[in-house]
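Chemist: coords please:
(2 chains)
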There are 2 protein chains.
Amino acid sequence: MKITPVKGTNDYLPREAALRDYLKKTILDIYTENGFEHIYTPAIEDAENLDKSDGGENLSLIFNILKRGDKLDKVIEEGLTDANVKDLYDLGLRYDLTLPLTRYFANNKAKLILPAKFIQIDRVYRAERPQKGRLREFIQCDIDIIGSDSNTAEVELILTTAKALTAIGLKDFRVRLNDRRLLHAVLLDTGFEKNDLESVCITFDKMDKVGIEGVCAELEEKGLSANVIAAFKDLISGGELTLDYIKSKLTDKTPAEDLERVMADVAELSGGSVKTEFDLSLVRGQGYYTGTVFEVVSDEFSGSVAGGGRYDRLIGKFLNEDIPAVGFSIGFERIFAILTEGEIKLPAGRKRIAVLYNEEDFRAAVKKADELRREGNNACLYSRPKKTGKFIDNLEKYGYDGFVIVGESDEVKMFES
Amino acid sequence: MKITPVKGTNDYLPREAALRDYLKKTILDIYTENGFEHIYTPAIEDAENLDKSDGGENLSLIFNILKRGDKLDKVIEEGLTDANVKDLYDLGLRYDLTLPLTRYFANNKAKLILPAKFIQIDRVYRAERPQKGRLREFIQCDIDIIGSDSNTAEVELILTTAKALTAIGLKDFRVRLNDRRLLHAVLLDTGFEKNDLESVCITFDKMDKVGIEGVCAELEEKGLSANVIAAFKDLISGGELTLDYIKSKLTDKTPAEDLERVMADVAELSGGSVKTEFDLSLVRGQGYYTGTVFEVVSDEFSGSVAGGGRYDRLIGKFLNEDIPAVGFSIGFERIFAILTEGEIKLPAGRKRIAVLYNEEDFRAAVKKADELRREGNNACLYSRPKKTGKFIDNLEKYGYDGFVIVGESDEVKMFES
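Modeler: Predicted structure coming up:
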């Protein structure tokens, strides 16, 4: 039998599991305090729901679950071909928490108070090629507000996420914001065709990495009008891409004013501690975003540690009406990696004491351990091995704070930290 | 799209999720305090590991995960038949936490201190027929001690599990115990063949339900010797099936003495609060148990709320040596059902206050909510709807403890409970 976990999944050692639990609890507590409610959805979903969802490239990364019994026999009988591969599976593992959430909302709408504010901290699965070093089983950590079209929802999400990141120990982060409607308006005003907008956005998202020249080169490669690209380059190069500058170029100023209000509210309500910045080139990958998009970055770490946006048309797939929705997701595995690398110190928890005993002292040892527990420690019993000295060294390396040998001394000896 | 969750899985509403979180946290805290360590293993496992495991009838309930890309194409090309169905899948969802734990131990042995004491509280999956009303995704809640052949491990597991059940609010439960070696010895002494023991045990497990006559009838149906069945009936009917009585009938008294010691230790160390009782007919389903088996029952609830036993030969499947191991599992979903039925009152948590505001008062509302949070409440913001009175009634029904209308009054009005 194979002793390693499936590629792209992890066994977590006690120390790692404790860190993951600490992260989950800290984030969950902050979210809950701020009026969001924890819910659970199943990790397995109906295959058709997954296949028909707005998952973009994630749709090719779904783990499908084989049919069972008569249903599988039927496929074998009919003969398997490229055309009926879909007949082999009826379920799949979710690739994110947003699809299950929208289904959940549609299923439980009558039992909720609107707008509903949800927390999900749970596992998702993607069949990434293991070579890429990406996880195939990982935790996402989302808050969503469903049923509000007011930008106050964005303000709540940003303030709450910032509180959670601060509680974890992150410092000097800032929130980058954009609105897809605003970006679309800029692009339409410049002369791009409506049908080309998504494609142009995907290219423009690379502005950070390749600069305006690189972006224009890729747009040319995509066969877009040279005149329009030139006009776009003029606009982008004509000044700093501040919200004021972009706003001045637009006919419909509503999305820009909405963003201004969000940024002003966040500044005022955080007492200036949460920094925001407008970034016209921020797109975020998901196809389902319809308005604001945002992410959290920090000079201390590469990439973003949180991201989200408004998706006002996703829930309509399950209901007969569009329901406005907006969500923000903390990159749990990214944060876990940062913490594991030891860049952030965790607050001290309960002391861990090892209680060693000779077999004949077992009852006395249990009583001693219970006494230590009542005093607020975690106490673990160990039958004393022959090489006691070496064992005690190992206890210290393993992370114990101290030990006591029952029958020898009643005193707990603490390791020097 | 389908709005209901996959059959046999559940969406959990905020109130249910809060109860599940409370249960998990309470159990996890008790386990941790008592020296056990939380670990995580992946929910997806190698298909061969699952297929070759000692899962008994659970092996027919595995959700298998379809291969992807070239590997799947190869099966299509070769043509699917009854004979190569296994070629379709390379992964599966775990059906319990014991198989992943044994694999985990084999994989991480060098990084652990022995005996290792593990906590797992996590999801498992079984492809039960939905008609049975059984869950296909559910939580198991296990503690295991790996690397100790001393019965003190059983004592620790029983005391710790009893503490967790007490912390949850369960009362008047008792621990039933048996040892498979003891039962096997009784059956061999009576005259049953070694090869028939497992089958006889399965029948004898029904003693509670069908009585000695029912057991003997089934043994006859199974074609076992009438003389031996008669001798067995004599033995069983010859007196109360106390440990003393059974011990008096046995040649090798070791397993009986071990059980006596476990029961005496539990009585002494719990100050008499944890009741134990010997039950010769207790077998527990899993094929991998090799020694003690135990479960927790209560007159207040039908069935058992926890169960476990010793499995000294399971880990050897991954290593070249047998490693003794023993585990105890709390029936999380059973406890959740009991609590949901409201038979147990939960301790009061943080108060939940709704903060209502008119759009122009949003900033004042956030400030008021933050003030309430600093005072130890959970505060949720709601833009005030037109029908405020009806909305407030709904807040009360939904479980809020009070509300405040910002701009109207600074005072929080608490609902009468």
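Chemist: Check the gap between A:D393 and A:R350 for me.
Modeler: In this structure, A:D393 and A:R350 are 22 Å apart, going by CB to CB, to the nearest Å. Any C-beta I mention is one placed from the backbone N, CA and C, and that applies to glycine too.
Chemist: go on, A:D70?
Modeler: A:D70 is 53 Å from A:R350, where distance means CB to CB.
Chemist: How about A:D299?
Modeler: Between A:D299 and A:R350 the distance, using CB to CB, works out to 35 Å.
Chemist: Those two: which is more packed in?
Modeler: Neighbours per residue (other CB atoms under 10 Å in any protein chain shown) separate A:D299 from A:R350, with A:R350 holding more: 14 against 8.
Chemist: Just to check, the more buried one is in contact with B:E33?
Modeler: Yes - applying CB atoms under 8 Å, one finds A:R350 in contact with B:E33, separated by 7.4 Å.
Chemist: For the stretch 201-350 of chain A, what lies in contact range of chain B?
Modeler: Neighbours of chain B within the stretch 201-350 of chain A, by CB under 8 Å from any CB of the partner chain: A:D265, A:E268, A:L269, A:K317, A:F318, A:R350.
Chemist: which SS class is the residue in the stretch 1-150 of chain A that chain B sits nearest to?
Modeler: Here the stretch 1-150 of chain A gets closest to chain B at one residue, A:G35, 2.9 Å apart by CB to the nearest CB. Using DSSP: H, G, I helix; E, B strand; the rest coil, the three-state assignment for A:G35 comes out as coil.
Chemist: State the pLDDT value of the residue nearest to it when sequence neighbours are not counted.
Modeler: Nearest residue to A:G35 in three dimensions, chain neighbours excluded: B:C380, at 2.9 Å (CB to CB, 6 or more residues apart in numbering or on different chains). B:C380 carries a pLDDT value of 97.
Chemist: now swap in A:N320 and tell me
Modeler: pLDDT, A:N320: 81.
Chemist: The one 3 residues further on too?
Modeler: The predicted local confidence for A:I323 comes out at a pLDDT of 94.
Chemist: State the distance from it to chain B.
Modeler: Per CB to the nearest CB, to the nearest Å, A:I323 is found 13 Å from chain B.
Chemist: which ones are touching that residue?
Modeler: Applying CB atoms under 8 Å, 6 or more residues apart in numbering or on different chains to A:I323 gives the contacts A:F105, A:I146, A:G147, A:D312, A:I315, A:G316.
Chemist: Secondary structure class of the last one, three-state.
Modeler: Of the three states, A:G316 takes helix under three-state DSSP.
Chemist: Now for the residue lying closest to it once chain neighbours are set aside, how many residues are close by?
Modeler: Excluding its sequence neighbours, the residue lying closest to A:G316 (CB to CB, 6+ apart) is A:D322, at 4.2 Å. Look at A:D322: counted by other CB under 10 Å, it has 14 neighbours.
Chemist: Let me see the contact set for A:D322.
Modeler: By CB under 8 Å, 6+ apart, the neighbours of A:D322 are A:D312, A:R313, A:I315, A:G316.
Chemist: Now, of those, which are buried?
Modeler: A:D312, A:I315 (16 or more other CB atoms under 10 Å in any protein chain shown).
Chemist: Just give the number of residues close to A:L114.
Modeler: Look at A:L114: counted by other CB under 10 Å, it has 16 neighbours.
Chemist: What distance do you get for A:F403 to A:E375?
Modeler: A:F403 is 15 Å from A:E375, where distance means CB to CB.
Chemist: er, A:E78 actually
Modeler: A:E78 is 68 Å from A:E375, by CB to CB.
Chemist: And A:R352, by the same measure?
Modeler: For A:R352, the distance to A:E375 equals 13 Å [CB to CB].
Chemist: neighbour-wise, which of those two wins?
Modeler: More neighbours surround A:R352 than the other of A:R352 and A:E375, with 20 against 11 (other CB under 10 Å).
Chemist: wait, A:K194 sits on A:A185?
Modeler: No - between A:K194 and A:A185 there is no contact under CB under 8 Å: 11.3 Å.
Chemist: more neighbours, these two?
Modeler: More neighbours surround A:A185 than the other of A:K194 and A:A185, with 20 against 9 (other CB under 10 Å).
Chemist: Surely the residue nearest to A:G316 is in a strand?
Modeler: No - with three-state DSSP as the criterion, A:D322 is coil rather than part of a strand.
Chemist: distance of it from B:D258?
Modeler: Per CB to CB, A:D322 is found 67 Å from B:D258.
Chemist: One more: A:D87?
Modeler: In this view, A:D87 and B:D258 are 55 Å apart by CB to CB.
Chemist: out of those two, which sits in the more crowded spot?
Modeler: Between A:D87 and B:D258, counting by other CB under 10 Å, B:D258 is the more crowded of the two (18 against 15).
Chemist: how much space is there between the more buried one and B:T152?
Modeler: B:D258 sits 11 Å away from B:T152, going by CB to CB.
Chemist: likewise A:S383?
Modeler: Using CB to CB, one gets 7 Å for the distance from A:S383 to B:T152.
Chemist: between those two, which one's more packed in?
Modeler: Per other CB under 10 Å, whichever of A:S383 and B:T152 has more neighbours is B:T152, with 22 against 16.
Chemist: tell me the mean pLDDT for whichever helix or strand A:I27 is part of?
Modeler: A:I27 belongs to helix A:14-33 when elements are defined using DSSP states H and E. Per-residue pLDDT over helix A:14-33 has a mean of 95.
Chemist: Show the subsequent helix or strand relative to that helix.
Modeler: Downstream of helix A:14-33, the first helix or strand assigned by DSSP H and E is strand A:37-38.
Chemist: And the strands in the stretch 51-200 of chain A, which stretches?
Modeler: For the stretch 51-200 of chain A, applying DSSP state E, counting those that start in this stretch gives strands covering A:64-66, A:89-93, A:116-125, A:137-146, A:173-179.
Chemist: In TSV, list those along with distance to chain B and mean pLDDT.
Modeler: Below are the strands of the stretch 51-200 of chain A laid out as TSV (distance: least, CB to the nearest CB, whole Å; pLDDT from 0 to 100):
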stretch	distance to chain B	mean pLDDT
strand A:64-66	4	98
strand A:89-93	6	97
strand A:116-125	7	98
strand A:137-146	5	98
strand A:173-179	16	96
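Chemist: Nearest to B:S273, out of those strands?
Modeler: Comparing the strands of the stretch 51-200 of chain A against B:S273 with CB to CB, the closest turns out to be strand A:116-125 (36.0 Å).
Chemist: CA atoms only for that closest one, dumped as PDB, please.
Modeler: Extracted C-alpha coordinates of strand A:116-125, given in PDB (Å, rounded to 0.1, in the frame of the first residue of the first chain):
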ATOM      1  CA  ALA A 116     -28.000  37.200   4.200                       C
ATOM      2  CA  LYS A 117     -24.400  37.300   5.300                       C
ATOM      3  CA  PHE A 118     -22.600  34.000   5.000                       C
ATOM      4  CA  ILE A 119     -19.300  32.500   6.200                       C
ATOM      5  CA  GLN A 120     -17.800  29.400   4.500                       C
ATOM      6  CA  ILE A 121     -14.400  28.000   5.600                       C
ATOM      7  CA  ASP A 122     -14.100  24.700   3.900                       C
ATOM      8  CA  ARG A 123     -12.300  22.300   1.500                       C
ATOM      9  CA  VAL A 124     -12.500  22.500  -2.200                       C
ATOM     10  CA  TYR A 125     -10.900  20.200  -4.900                       C
END
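Chemist: Right, I'll leave it there.
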